[in-house]
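K.L.:
below: sequence and its predicted model.
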Amino acid sequence: MFGIGIPELVIILVIILIVFGTGKLPEIGGALGKGIRNFRKASHEKPEEIDVTPENNGGGSVDGDHDSSSKSAG
């Protein structure tokens, strides 16, 4: 695997330990694991079709006289 053996991996891990410290290693490992998991999940899932219809985010009615949420009191 890319010519990396056990001694090289140990040296890389020691350098990472020196750079980031022991407190950050669990966070880095968790983030790396989540990233790999999400990448695998996204690469294996194929959406059958893509929904391109715009969402209506409560923009109000067409004529605008029924939308009381955008009017300020005062």
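P.N.:
Received it, and whenever you're ready, just let me know what you need. Numbering: from 1, shown residues only.
K.L.:
just the helices in this structure please.
P.N.:
6-20, 25-44 (DSSP state H).
K.L.:
turn those helices into TSV, including mean pLDDT.
P.N.:
Output for the helices of the chain, formatted as TSV (pLDDT from 0 to 100):
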stretch	mean pLDDT
helix 6-20	89
helix 25-44	89
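K.L.:
residue 57: which of the ones you listed is closest?
P.N.:
Taking CB to CB as the criterion, helix 25-44 is the member of these that comes nearest to residue 57, at 25.6 Å. C-beta here means a position set from N, CA and C on the backbone, and glycine is covered the same way.
K.L.:
ok, residues contacting the closest one?
P.N.:
Among residues not part of helix 25-44, those counted as contacts by CB atoms under 8 Å, 6 or more residues apart in numbering are 16, 17, 20.
K.L.:
which non-adjacent residue is nearest the last one?
P.N.:
Taking CB to CB, 6 or more residues apart in numbering, and ignoring the residues beside it in sequence, residue 20 has residue 28 as its nearest neighbour in space, at 6.2 Å.
K.L.:
state the number of residues packed around the one you found.
P.N.:
11 (other CB atoms under 10 Å).
K.L.:
also residue 25?
P.N.:
Should you count by other CB under 10 Å, residue 25 turns out to have 13 residues around it.
K.L.:
appreciated, that's everything.
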